[in-house]
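Sequence unavailable; structure follows:
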């Protein structure tokens, strides 16, 4: 370094102009970062889906697409509904009390997590990391499942298990029950997924 | 500015041209500094092939990548078809594509070997800390590059792998869901995601990667290469010849360029064999499920990342809510050790205990999912700190206490076991083993300041061990 004394006036202006430059730089970054957000087109693509479930027999499941996600509709058998009592003690959140506003609409805050006990509607996306769990409706011992399995869903990615009402078992990677989308019955066999009465 | 050099009018046209260039651009100077007069220790063994091989694979990836982009379509409706078009209709397209997909796995094999070499010979120790840090940054870029590249074929594994990894970011408290949205550009992985990953994969990350490679090599040539003995050949006390060149060094060119040609030949032999006879490598290099087009409604029954990510993926899966209690116990034990067994000032001790209690409370209140992400990220980030964790008196494994060799042996076995478990479907036993493995992995690094000092080191020779052949 030279021995010339620091010109404080010049330095003040250097600092000021650097700050001004930095502010400009940040301002320019805003539009660039903003382009990462979902586009208007992506935001608009969230319309409700109408589903006819008259052909669905007890024990069967159908999948429809809503906002790019799989939505399951399962018609549960009486045995499957009965199994919900047995699993209760092994669940992390049997009464769907966690994040109720996001995961479970008011009309599904019951044991079966549904409007009609036998018809289960849920977003088929694991609350862990977003895989779609597979059906494991068959009861009893099988690979990756406990020996006293009562039927439900198994996430192939990280082994989270859910009972037939989409309630997550304790000590699994998934923190929460499966999401129940807003839905309503247009008639006895017609479901509207993505909207409910209060909307 | 350097002195303008005049050249004799009798010089040949070539010499005149070179002189003309040298007066305007340091061509000869760069050539000498980095090749013909870069002295590298003469006792390199086969482990030293992997640096130049990494460079070779980088070139293969860039060249094949350029040609793939000429035919590939980054569009959710067309991507899968365009890859199959490359495979079936573009003349020799299958070869270029298999070179690129096999090259990705080869890159990781070579880089893992290269990193292991650094680990056992202490190549990250002073004064080579920045060489190591740049190298770790390259590794991180490579992981990003591989992850985003894997989405492009738009197969089932591409889709669900990206879905899982992007959702990892959603686990961050408060900002997570918005962050994941910002990465995807949509509410689920879709066309917007594919397009931006394509942009990152072909432009952004490769540019950063190339810059880091240059920084890695400049830093290396500044401090000089380490060697299997961990002896400094360019130090003030190292023996030199009349010109001041190290007696234990040889010029990189021609000695190591020729040496590396042997490595390149061996590598290309194996690389070609894989490309021509087993390009999918039994589902490890290209997973079978990725030959099915992406279906957002159905996750394949068994999804696993490509093999090179699986050790880290295992650690992610190992963090369950049960495991959190073990981790909290580790944090508190560490704080107890810091407070009761060390001679730190009281203020720092109080800080350590306070921080440990605070972290434990966070660990109790935030989902295990988030900590799984922290552990997975931490497993990579911890590598950056290696130069400051190792307190052993000597650099090279050759002169470390014998039990260190077993320690490194267990580390390698543990890494391979974690990798294996990451490929397998989740199981109760696998979960336990991966939990133990995760603790060992972190223990290896975090306790290194202690364990690396235990045991008697062997005397380090003054000169490198070298027998002419």
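Cool, got the structure. Quick caveat: nothing in here was measured; it's all calculated off a predicted structure.

drop to CA atoms for contacts and neighbour counts, all remaining ones
Fine.

At the geometric centre of the chain, which residue sits there?
No chain was given, so I picked chain A. residue A:179 (4.9 Å; Cα atoms, centre = their mean).

Oops, wrong one, chain B.
For chain B, residue B:139 is the residue whose C-alpha lies nearest the centre (Cα atoms, centre = their mean; 2.8 Å).

Which pLDDT value goes with the residue nearest to the centre of chain A?
The model reports residue A:179 with a pLDDT of 92.

chain center to stretch B:210-227, what's the gap?
Centroid displacement of stretch B:210-227 relative to its chain, using Cα atoms, centre = their mean, to the nearest Å, is 15 Å.

Show me what counts as buried in that stretch.
Buried positions in stretch B:210-227, judged by neighbour count with 16 or more other Cα atoms under 10 Å in any protein chain shown: B:212-213, B:215-217, B:219-221, B:223-227.

Residue B:31 versus residue B:377, what's the distance?
Residue B:377 is 39 Å from residue B:31, where distance means Cα to Cα, to the nearest Å.

Ignore what I typed, I meant residue A:131.
As judged by Cα to Cα, residue A:131 and residue B:31 stand 53 Å apart.

out of those two, which sits in the busier spot?
A direct count of neighbours by other Cα atoms under 10 Å in any protein chain shown for residue A:131 and residue B:31 places residue A:131 higher, at 26 against 13.

Spell out which residues of chain B are next to chain A.
Neighbours of chain A within chain B, by Cα under 8 Å from any Cα of the partner chain: B:160, B:163-165, B:167-168, B:181-188, B:192, B:296-304, B:317, B:319-322, B:367-369, B:425-428.

which among the residues you listed end up buried?
Among the residues of chain B next to chain A, those classed as buried by 16+ other Cα under 10 Å are B:160, B:163-165, B:167-168, B:181-188, B:192, B:296-300, B:302-304, B:317, B:319-321, B:367-369, B:425-426.

still on that earlier bit, please name the residues that touch the residue nearest to the centre of chain A.
Taking Cα atoms under 8 Å, 6 or more residues apart in numbering or on different chains, we find residue A:179 in contact with A:102, A:103, A:104, A:122, A:123, A:124, A:125, A:127.

Any regions of the chain where pLDDT drops low?
This is for chain A. Scanning chain A for pLDDT under 70 picks out A:1-2, A:198-199.

Oops, wrong one, chain B.
Residue ranges of chain B with pLDDT under 70: B:1-2.

where along it do the strands fall?
Using DSSP state E, the strands of chain B run over B:39-41, B:249-251.

Let's have those in TSV, adding mean neighbour count.
Output for the strands of chain B, formatted as TSV (neighbours: other Cα atoms under 10 Å in any protein chain shown):
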stretch	mean neighbour count
strand B:39-41	25
strand B:249-251	19
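
rewinding a little: nearest to chain A among the buried residues of stretch B:210-227?
Here the nearest of those to chain A, counting by Cα to the nearest Cα, is residue B:212; it sits at 23.2 Å.

Not counting its neighbours along the chain, what's nearest residue A:61?
residue A:74 (4.3 Å; Cα to Cα, 6 or more residues apart in numbering or on different chains).

what's the distance between the one you found and residue A:111?
For residue A:74, the distance to residue A:111 equals 15 Å [Cα to Cα].

Which residues are in contact with the closest residue to residue B:371 other than its chain neighbours?
Nearest non-adjacent residue to residue B:371, counting by Cα to Cα, 6+ apart: residue B:319, 7.0 Å away. Residues in contact with residue B:319 (Cα under 8 Å, 6+ apart) are A:173, B:368, B:369, B:371, B:372, B:375, B:435.

Give me the neighbour count for residue A:38.
Using other Cα under 10 Å, residue A:38 is surrounded by 19 other residues.

And the longest helix belonging to chain B, what does it pack against?
Of all the segments assigned as helix in chain B under DSSP state H, the longest by residue count is helix B:93-120. Here helix B:93-120 touches helix B:49-69, helix B:79-88, helix B:257-277, going by 3 or more Cα pairs under 8 Å, 6 or more residues apart in numbering or on different chains; DSSP states H and E.

So for the first one, what gets flagged as buried?
This means helix B:49-69. Using 16+ other Cα under 10 Å as the test for burial, helix B:49-69 gives B:49-54, B:56-58, B:60-61, B:64-65, B:68.

and the angle from that helix to helix B:257-277?
Counting by axes from the mean of the first three to the mean of the last three Cα atoms, to 10 degrees, helix B:49-69 points 50 degrees away from the direction of helix B:257-277.
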